[in-house]
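Asks: Below is the structure, and that's it, no one-letter string:
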């Protein structure tokens with residue numbers, strides 16, 4: 001996990017903590033609002049506590065009992081709410097303060113944070129039932145009162161004295177203000193409903209505080225993306241809650257459908273075959289041309305954008321898209337430009353690769369041409385995006401009018417090769433290559449390859465790191481590679497340009513180029529020889545280890561199992577052997593080297609090149625870059641192209657297998673396969689030293705460096721031998737594909753707490769709450 005991911009995760013936790021605090025503050029306010037409800041319910045109780053209302057209660061006992069049951073259920077809900085909020089008796093409070101129970105305090109509050117809205121909904125629902133029951137009972141009692149009043153008005157013969165002495169039951173109801181009390185009940189229940197709505201509204205306002213600035217920024221920076229999201233999924237203005245609290249999720253299937261039906265990629269580089277004759281093709285420089293105005297329908301090139309887009313929007317494959325992730329993927333570009341950029345990156349457009357030359361390449365001049373003259377691997381750049389046919393996708397339009405044999409072949413052969421168009425850096429010709437048979441990473445980069453990183457020193461020199469192994473790499477547009485070595489705390493991620501001398505011939509596009517944040521280093525690939533199998537030679541370039549770094553050194557003397565050396569950048573005659581008299585007087589353990597030189601080197605000047613002969617297991621001397629006599633390598637060769645222009649060894653990007661046969665200072669003498677002499681263009685067919693015209697007619701001449709199958713090359717020009725193609729497009733890793741997405745810190749309980757409300761229903765709300773409560777204590781137990 002990078003530093004940016006850690007900071008982002010910490011910000012999420014901090015914001016969530018603030019929201020939880022605000023929720024608890026709102027719960028305290030909710031308790032005050034519910035306390036007002038309790039006061040109103042006590043006013044209702046006064047009617048039932050008055051002994052003068054016994055007859056009314058007896059007459060309508062059945063209805064009153066129902067109303068009392070509802071009130072009791074509200075009391076039970078209050079009890080649950082109080083228990084959830086931690087309002088318990090003194091004994092329980094005392095127990096909570098014990099040290100062994102404090103560990104669950106935060107988890108209980110988190111559970112209360114989740115469950116309280118359900119309890120408030122339950123209280124509101126029961127209050128509505130109470131209101132209905134109140135209304136029914138009040139109507140019955142009022143009708144009874146009116147009927148009794150009519151009967152009383154018809155009984156005028158009854159004396160006033162007897163009426164005064166023996167008042168009727170309904171008259172006593174009038175005296176106690178029955179109608180007033182029930183009107184208060186109706187008013188109280190109405191106020192109860194209003195208070196519940198206000199309480200719920202306040203809770204929502206506290207939790208979902210609108211952040212209009214975020215919406216304005218998204219709509220200003222991504223007008224196309226905001227319009228797409230609003231028109232396809234929201235149908236109205238984008239709300240703050242939809243972005244900040246992820247209340248609006250879109251299923252992945254629907255999102256893909258809307259993307260495919262809404263966008264078409266235009267101006268996509270496309271390779272086309274040029275059917276003109278070979279002479280015109282040689283003048284043009286290629287048998288293929290690149291059409292920069294190609295058109296692609298997203299439904300026909302899904303391999304180029306769908307996996308990459310899902311990794312960005314739904315890395316855990318949960319099946320939905322969050323609006324925040326959607327806008328984060330856009331960065332500072334439009335949605336259509338983002339889809340095009342993802343497609344070009346997935347197709348490897350603009351990356352550097354190596355391609356195997358084949359007989360289908362542009363033929364050499366007739367004087368040196370033969371069907372099998374194209375050999376070796378040459379550096380190139382991907383310059384086009386495959387079409388659906390080149391991806392092996394047969395659309396309905398392609399199948400209409402096709403022969404039955406063609407259809408049966410494609411139905412049977414579901415695993416097809418993919419072809420890409422590349423431009424050779426040396427010659428500029430465009431060729432069509434098989435991705436699985438003729439393409440590999442540039443410069444010998446591969447998973448597991450050993451390398452050393454170059455470190456610049458304050459003194460102006462340089463040193464090489466210890467041996468590292470490539471665990472991940474990605475080829476980027478413009479010739480840059482992002483390489484990761486090691487795993488865990490020892491992992492190192494850096495960017496590098498394997499072919500710095502070819503920047504002028506590499507295709508660049510500022511709209512597509514990505515600028516990684518990794519530090520940029522130079523590197524060198526290491527060979528298989530970590531020890532000397534033959535004695536080092538005087539003047540040979542070797543490497544000396546000191547304090548975990550390897551320094552370039554020059555061998556000055558070989559004495560049995562030991563060698564003496566100086567820093568490679570020091571002149572060969574910088575150290576003069578002192579005479580015996582001076583040696584006896586000035587010898588202070590400096591091994592005949594000046595003191596300032598030893599200080600500059602920072603290491604001893606004598607080492608064992610055969611430590612195993614003295615039972616020593618420390619190997620602090622090795623051949624330069626771990627290449628030595630007898631190792632198989634790949635080396636550049638001098639060759640002519642289809643225009644008869646020769647490319648010299650120091651500028652050539654054509655590599656062939658060879659073997660080191662000798663070492664001279666900082667150069668290797670290597671030998672290629674004698675079978676290469678059968679090719680008409682092989683420079684070893686000409687005498688060594690013969691003058692060769694690089695470009696016919698310009699008069700630029702060089703000497704032929706080849707002696708049949710041997711040539712002397714610089715040590716830094718060779719690289720480890722690697723046979724065959726290797727994967728290069730996309731992200732290459734030792735880990736199984738996609739596993740790294742599930743590694744790192746995942747706050748699963750908090751994520752489930754925020755997202756569970758999207759999927760639960762009223763039927764399983766109680767069960768879900770209990771599951772959340774139990775899951776919060778799994779780790780503590």
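Replies: Here it is on my side, so go on. Because the structure is predicted, anything quoted here is derived from the model rather than measured.
Asks: OK, contacts around residue 634?
Replies: By C-beta atoms under 8 Å, 6 or more residues apart in numbering, residue 634 lies in contact with 377, 444, 655, 656, 657, 658, 718, 719, 720, 721, 722. C-beta here means a position set from N, CA and C on the backbone, and glycine is covered the same way.
Asks: I'd like to know how far the first one sits from residue 500.
Replies: Relative to residue 500, residue 377 is positioned 19 Å away (C-beta to C-beta, to the nearest Å).
Asks: and the contacts of residue 634, which of them are in helices?
Replies: Assignment to helices by DSSP state H places none of those there.
Asks: Please render these as a markdown table that adds pLDDT to the earlier fields.
Replies: Output for those, formatted as a markdown table (pLDDT from 0 to 100):
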| residue | pLDDT |
| --- | --- |
| 377 | 94 |
| 444 | 91 |
| 655 | 95 |
| 656 | 95 |
| 657 | 96 |
| 658 | 96 |
| 718 | 96 |
| 719 | 95 |
| 720 | 95 |
| 721 | 94 |
| 722 | 90 |
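Asks: so which of those residues comes closest to residue 685?
Replies: Using C-beta to C-beta, residue 656 comes nearest to residue 685 of those, at 15.0 Å.
Asks: Could you pull up the contacting residues of the closest one?
Replies: So residue 656 contacts 375, 376, 634, 635, 637, 672, 673, 676 (C-beta under 8 Å, 6+ apart).
Asks: tell me which element residue 432 is part of?
Replies: strand 430-434 (DSSP states H and E).
Asks: Which strands border that strand, and is each parallel or antiparallel?
Replies: strand 419-424 (antiparallel) (DSSP bridges).
Asks: Identify the residues contacting the strand it pairs with?
Replies: Contacts of strand 419-424 (C-beta under 8 Å, 6+ apart): 271, 286, 288, 290, 347-348, 353, 355, 378-384, 386, 390, 429-435, 439, 507, 653.
Asks: Quick one: buried ones out of those residues?
Replies: 271, 286, 288, 290, 347-348, 353, 355, 378-384, 386, 390, 429-433, 435, 439, 507, 653 (16 or more other C-beta atoms under 10 Å).
Asks: from those residues, which ones fall inside strands?
Replies: Cross-referencing the buried ones among the contacts of strand 419-424 against strands under DSSP state E gives 271, 288, 290, 353, 355, 378-382, 430-433, 439.
Asks: re the thing from before, contacts made by the strand holding residue 432 with the rest, please.
Replies: Contacts for strand 430-434 (C-beta under 8 Å, 6+ apart): 271, 286-290, 355-356, 360-362, 380, 383, 417-424, 439.
Asks: rerun that using 10 Å as the cut-off
Replies: Identification of contacts with strand 430-434 by C-beta atoms under 10 Å, 6 or more residues apart in numbering yields 271-274, 284-290, 353, 355-358, 360-362, 374, 378, 380-384, 390, 417-424, 438-439, 725.
Asks: repeat for stretch 259-269
Replies: Outside stretch 259-269, the residues touching it (C-beta under 10 Å, 6+ apart) are 224, 228, 231-232, 290-302, 304-306, 309, 335-336, 338-340, 343-344, 347, 349-350, 382-385, 387, 421, 507, 509.
Asks: Could you list the buried residues of that stretch?
Replies: Those would be 259, 260, 263, 265, 268, 269, for stretch 259-269 by 16+ other C-beta under 10 Å.
Asks: Could you check how far residue 543 is from residue 532?
Replies: In terms of C-beta to C-beta, residue 543 sits 11 Å off from residue 532.
Asks: picking up where we left off before, the more surrounded of residue 377 and residue 500?
Replies: With neighbours defined as other C-beta atoms under 10 Å, residue 377 and residue 500 compare such that residue 377 has more, 25 against 9.
Asks: Could you count how many residues lie near the closest residue to that one other than its chain neighbours?
Replies: Distance criterion C-beta to C-beta, 6 or more residues apart in numbering; nearest residue to residue 377, sequence neighbours excluded, is residue 354 at 4.6 Å. Using other C-beta under 10 Å, residue 354 is surrounded by 27 other residues.
Asks: Beta-bridge partners for residue 354, please?
Replies: residue 379, residue 440.
Asks: List the contacts of it.
Replies: 376-380, 422, 438-445, 498, 634, 653-655, 722, 725-726, 728.
Asks: can I assume residue 523 is in contact with residue 467?
Replies: No. Checked against C-beta atoms under 10 Å, the pair residue 523 and residue 467 is beyond contact range at 11.7 Å.
Asks: Common neighbours of these two, please.
Replies: Contacts common to residue 523 and residue 467, judged by C-beta under 10 Å, 6+ apart, are 451, 452, 485.
Asks: Helices - which of those land there?
Replies: Per DSSP H, these never map to helices.
Asks: Closest one of those residues to residue 641?
Replies: residue 451 (30.9 Å).
Asks: how close does that closest one sit to residue 734?
Replies: Residue 451 is 15 Å from residue 734, by C-beta to C-beta.
Asks: In terms of neighbours, single out the busier of those two.
Replies: A count of neighbours by other C-beta under 10 Å puts residue 451 above the other of residue 451 and residue 734, at 21 against 12.
Asks: what sits against that one?
Replies: Here residue 451 is in contact with 444-445, 464-465, 467-470, 483, 485, 496, 523-526, 625, 720 (C-beta under 10 Å, 6+ apart).
Asks: Check these for burial and list the buried ones.
Replies: The buried subset of those (16+ other C-beta under 10 Å) comprises 444-445, 464-465, 468, 470, 483, 485, 496, 523-526, 625, 720.
Asks: Okay, and which of those map to helices?
Replies: Going by DSSP H, the helices hold none of the buried ones among the contacts of residue 451.
Asks: Sitting in strands, which of those do you find?
Replies: Counting by DSSP E, the buried ones among the contacts of residue 451 contribute 464, 468, 470, 483, 485, 496, 523, 524, 525, 720 to strands.
Asks: of the contacts of residue 634, closest to residue 618?
Replies: Looking across the contacts of residue 634 and measuring by C-beta to C-beta, the closest to residue 618 is residue 720, at 24.9 Å.
Asks: Go ahead and confirm the closest one touches residue 635.
Replies: No. Taking contacts as C-beta under 10 Å, residue 720 lies outside contact range of residue 635: 11.1 Å.
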